[in-house]
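**Q** Any chance you could fold what I've pasted below:
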Amino acid sequence: MYNELRQVARRQLRRETPAHTLSATALVHEMYLRLLQQRQISAADRDSFLTVAAQTMRRILVDHARRRQRLKRGGDLQPISLDGNDPPALLDDREADEVLMLECVLGRLAELARH
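**A** Model (predicted):
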């Protein structure tokens, strides 16, 4: 199952910039931690679980894009080190905007599909 989750993560990450630092393994681990925090995983079978996992991975990337947008507007200002050891950004501003727009469009499509 772990290898299948990593494949799902790789597909999610293919839509992102090739220069970002999040690996498929890190995305799977973050997804697992989120699902553990929810404590209510309702997946009837393997395919359902993979669907929930893919949606959770997408939310992780969207949440990161939202954080990036908030930071772009000056929110959460924090001191940074001057020694150059700060981790590189996961998404640049343009990519964060694209992820947020994609999330909005997917939400609208899901809404249309329900009707």
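
**Q** phi, psi of D92?
**A** The phi/psi pair for D92 (degrees, to the nearest 10) reads phi -80, psi 180.

**Q** measure it to H64 for me?
**A** Applying C-beta to C-beta, to the nearest Å, the value for D92 to H64 is 12 Å. From N, CA and C alone the C-beta is placed, and that goes for glycine too.

**Q** swap in L35?
**A** According to C-beta to C-beta, L35 stands 17 Å off from H64.

**Q** So between these two, which is more surrounded?
**A** Using other C-beta atoms under 10 Å, the more surrounded residue of L35 and H64 is H64, with 20 against 16.

**Q** now L5: how far from M57?
**A** For L5, the distance to M57 equals 9 Å [C-beta to C-beta].

**Q** The host helix or strand of L33 - contacts with which helices or strands?
**A** Following DSSP states H and E, one finds L33 within helix 24-38. The contact analysis (3 or more C-beta pairs under 8 Å, 6 or more residues apart in numbering; DSSP states H and E) places helix 24-38 against helix 2-14, helix 46-72.

**Q** Run through who's touching the shortest one.
**A** When you say that, I think you mean helix 2-14. Residues outside helix 2-14 that contact it (C-beta atoms under 8 Å, 6 or more residues apart in numbering) are 20, 22-25, 27-28, 31, 50, 53-54, 57-58, 61.
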